[in-house]
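Student: Predicted model, plus sequence, below.
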Amino acid sequence: MAQDSLGLPSDYQFWMRKLSIWDRASTLEAQQDTCLHLPQFQEFLRQMYEALKDMDSNTIIERFPTIGQLLAKTCWNPFILAYDESQKILIWCLCCLIKKDPQNSGESKLNSWTRGLLSHILSAFRFDIKEVDLFTQVLGYAPTDYYPGLLKNMVLSLVSELRENHLNGFNTQRRKKISLPKSAVFCLWLRHLPSLESTMLHLFEKLISSERNFLRRIECFMKDSSLPEAACHPAIFRAVDEMFRYALLETDGAPEVLATIQVFTRCFVEALEEEDKQPKFTFKTYFPYASPSLVMVLLQYPKDIPQGLWHQPLKHLSEMLKEAVEDQTHGSYGSPFESWFLFVHFGGWADIAAEQLLTSEAEAEPPEALLWLLAFSCGPGAGHQQRAQTMVEVKAVLSRLTKLLRSPTLSARDLQAAAGEGRDGDPRPPACQQLIRRLLLNFLLWAPGGHTIAREVITLMAQTDAVMREIIGFLDQTLYRWDHLCVEAPRSRKLARELLTELRGQA
């Protein structure tokens, strides 16, 4: 972030205006905006300290006459002060204003005023201070109940932990865990981002360890962590969603991360639906970069729609996404990545589209809308031309698979030949190759003749450990989705379970 010629960050006036708008976080909109901008504001405070630390107090006041106003507004905002990192940096800045040897009454008054603010910061979260009452009230907690209850739970948990350690000979291999009420945990996550980050890191540890490709276990762990329930508060949802976004970018769209985002979203939506009272926030609050109508369509998962009619909502969804991604003339929401990231949350739609293309009544041509949806699901980096190429590849493979459906005899080599090569013999992009493999796996599960050759085909496909994990993940996600959609396919389910058990034993 650039700094102006006087040494303070160039966005000094921006944050002055923000602090005036936030005004002690007295409105819901101000609270949400504070939570959203808090990381950037903390970085501003840190840069401001770097600018002030080498000046004496007289120079600071002379060159920056409104610095006291900015620091005071910050000190009296409970949502900023609630975060330990903000307190620490704010104390550093205030200490820069203190004159060690005041020479006149003005300097003495400045010292006294500064010490008053420091005293306020250091005492603000005693439960007999009215500022914490404001903070806890807007979050729905009573401080007189919260703090004694928190202390009691911590003491009881520590006593229990010490007793277990004594009985187990201080076996540190077991996890020890302080148990807190959910309300206390949610309050902690709202005011202390590292604690929320720690929970997310624990989730990712589970994801890359023994829980990989076990979505039922991931769902159980997700619910036990209370993350979906806590995410009903938009500030927590946005923080969790940003962590998923970065995990997705850092892993180049790893299938395990994609699947976990979908599990989290499903659990989050269930938590919202279980609330007895009217929703406190609109979905626009949770997904600010997406079209509200698109979010509502994605939320209408086709559980109660007959399978034969699923192509209608799929077509509508495809048209809305295509308009948002490719038609930039009507002020569409966000970038193609934002549309894709939103679609990822409800990614089961792409798998349903693949099944529909293979199980619907034979048509002269596959529906373009469903082909586009599959191509779009490959990733946000593909432009219009690459999506068009992927649609051509998928259409050709589907044509060959449709012919095999009518074949009296079927062999693994036939299916391998149906996958074919890329157009003009060129290698397909990795995302397109993965999409073709998913179509072949769907064919094996749904085609009558596919069951007898499934194991042989998978052996031919799984030439690397990565592809083997991909196939295991596909089977696990498919069974998980069928369970939630109550899909009636006994033979396909039986085959999928058998294959999943066998492949997990080999992995």
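Tutor: Now that the structure is in, tell me what you want to look at.
Student: which stretches of the stretch 251-400 of the chain have low pLDDT?
Tutor: 276-279, 303-304, 328-334, 361-364 (pLDDT under 70).
Student: Tell me where it has helices.
Tutor: Taking DSSP state H, counting those that start in this stretch as the test, the helices found in the stretch 251-400 of the chain are 255-274, 283-286, 292-299, 311-326, 336-345, 348-359, 368-377, 384-405.
Student: any chance of these in CSV, plus distance to residue 499 and mean neighbour count?
Tutor: From N, CA and C alone the C-beta is placed, and that goes for glycine too. Output for the helices of the stretch 251-400 of the chain, formatted as CSV (distance: least, Cβ to Cβ, whole Å; neighbours: other Cβ atoms under 10 Å):
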stretch, distance to residue 499, mean neighbour count
helix 255-274, 17, 19
helix 283-286, 37, 16
helix 292-299, 30, 16
helix 311-326, 26, 18
helix 336-345, 26, 21
helix 348-359, 16, 21
helix 368-377, 23, 22
helix 384-405, 19, 17
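Student: Tell me which of those helices sits nearest to residue 478.
Tutor: helix 348-359 (6.9 Å; Cβ to Cβ).
Student: Check what contacts that closest one and list those residues.
Tutor: Helix 348-359 is contacted by residues 262, 298, 301-302, 307, 310-311, 314, 317-318, 343, 366-367, 370-371, 373-374, 377, 398, 401, 438-439, 442-443, 446-447, 477-478, 481, 485 when judged by Cβ atoms under 8 Å, 6 or more residues apart in numbering.
Student: switch the cut-off to 7 Å
Tutor: Contacts with helix 348-359, where a contact means Cβ atoms under 7 Å, 6 or more residues apart in numbering, come from 262, 310-311, 314, 317, 366, 370, 373-374, 377, 398, 401, 438-439, 442-443, 446, 478, 481.
Student: just stretch 274-294 next, same as before
Tutor: So stretch 274-294 is in contact with 232, 234, 237, 272, 295, 320, 324, 333-334, 338, 342, going by Cβ under 7 Å, 6+ apart.
Student: In TSV: the helices of the stretch 251-400 of the chain, plus distance to residue 502.
Tutor: Shown next, in TSV, are the helices of the stretch 251-400 of the chain (distance: least, Cβ to Cβ, whole Å):
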stretch	distance to residue 502
helix 255-274	20
helix 283-286	40
helix 292-299	34
helix 311-326	32
helix 336-345	29
helix 348-359	22
helix 368-377	28
helix 384-405	24
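Student: who wins for proximity to residue 82 among these?
Tutor: helix 283-286 (20.3 Å).
Student: and the closest one, how far out from the chain's middle?
Tutor: Offset of helix 283-286 from its chain centre (Cα atoms, centre = their mean, to the nearest Å): 14 Å.
Student: cool, and stretch 313-330?
Tutor: 23 Å.
Student: likewise stretch 341-358?
Tutor: With Cα atoms, centre = their mean, you get 18 Å for stretch 341-358.
Student: Only C-alpha atoms, please: export it in CSV.
Tutor: Output of stretch 341-358 as CSV, limited to C-alpha atoms (Å, rounded to 0.1, in the frame of the first residue of the first chain):
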residue,chain,number,x,y,z
PHE,A,341,-17.0,-20.4,-7.2
LEU,A,342,-20.7,-19.9,-6.4
PHE,A,343,-21.5,-22.9,-8.6
VAL,A,344,-18.9,-25.0,-6.8
HIS,A,345,-20.9,-24.6,-3.6
PHE,A,346,-23.8,-26.5,-5.2
GLY,A,347,-21.6,-28.6,-7.6
GLY,A,348,-23.9,-31.6,-7.5
TRP,A,349,-25.8,-30.0,-10.3
ALA,A,350,-22.9,-30.8,-12.7
ASP,A,351,-23.0,-34.4,-11.7
ILE,A,352,-26.8,-34.5,-12.2
ALA,A,353,-26.3,-33.0,-15.7
ALA,A,354,-23.8,-35.8,-16.6
GLU,A,355,-26.2,-38.4,-15.5
GLN,A,356,-29.1,-36.8,-17.4
LEU,A,357,-27.1,-36.8,-20.6
LEU,A,358,-26.5,-40.6,-20.2
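Student: For stretch 478-486, buried residues please.
Tutor: For stretch 478-486, burial by neighbour count (16 or more other Cβ atoms under 10 Å) applies to 478-482, 485.
Student: typed the wrong thing, it's stretch 439-459
Tutor: For stretch 439-459, by 16+ other Cβ under 10 Å, it's 439-447, 449-451, 453-455, 457-458.
Student: just stretch 239-251 next, same as before
Tutor: Buried residues in stretch 239-251 (16+ other Cβ under 10 Å): 239-241, 243-245, 247-248.
Student: What lies in contact with it?
Tutor: Counting by Cβ under 7 Å, 6+ apart, 193, 196, 200, 204, 227, 231, 257, 261, 341 sit against stretch 239-251.
Student: what's the burial count for the fourth one?
Tutor: Residues contacting residue 204 under the criterion other Cβ atoms under 10 Å number 16.
Student: list the helices and strands the helix or strand where residue 228 lies packs on?
Tutor: Element membership for residue 228 (DSSP states H and E) is helix 227-230. If contacts are counted by 3 or more Cβ pairs under 7 Å, 6 or more residues apart in numbering; DSSP states H and E, helix 227-230 sits against helix 255-274.
Student: now the helix it packs on and helix 336-345, what's the angle there?
Tutor: Counting by axes from the mean of the first three to the mean of the last three Cα atoms, to 10 degrees, helix 255-274 lies at 70 degrees to helix 336-345.
Student: Might you report the residue contacts of residue 460?
Tutor: By Cβ under 7 Å, 6+ apart, the neighbours of residue 460 are 412, 416.
Student: got the angle for the host helix or strand of it vs helix 348-359?
Tutor: In this structure, residue 460 sits in helix 450-461 according to DSSP H and E. Using the same axes, to 10 degrees, the inter-axis angle of helix 450-461 relative to helix 348-359 is 120 degrees.
Student: before we move on, back to that, of the helices of the stretch 251-400 of the chain, which is nearest residue 20?
Tutor: Comparing these under Cβ to Cβ, the one sitting nearest is helix 283-286, at 23.0 Å.
Student: before we move on, back to that, how about the CA coordinates for the helix holding residue 460, as PDB?
Tutor: Only the C-alpha atoms of helix 450-461 are listed here, as PDB (Å, rounded to 0.1, in the frame of the first residue of the first chain):
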ATOM      1  CA  GLY A 450     -21.500 -51.500 -18.000                       C
ATOM      2  CA  HIS A 451     -21.700 -53.500 -14.800                       C
ATOM      3  CA  THR A 452     -19.900 -56.600 -16.200                       C
ATOM      4  CA  ILE A 453     -16.900 -54.700 -17.500                       C
ATOM      5  CA  ALA A 454     -16.700 -52.000 -14.800                       C
ATOM      6  CA  ARG A 455     -13.600 -53.500 -13.000                       C
ATOM      7  CA  GLU A 456     -11.700 -54.000 -16.200                       C
ATOM      8  CA  VAL A 457     -12.400 -50.500 -17.400                       C
ATOM      9  CA  ILE A 458     -11.400 -49.000 -14.100                       C
ATOM     10  CA  THR A 459      -8.100 -51.000 -14.200                       C
ATOM     11  CA  LEU A 460      -7.400 -49.500 -17.700                       C
ATOM     12  CA  MET A 461      -8.300 -46.000 -16.500                       C
END
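Student: Which SSE is immediately downstream of that helix?
Tutor: Following helix 450-461 toward the C-terminus (DSSP H and E): helix 465-485.
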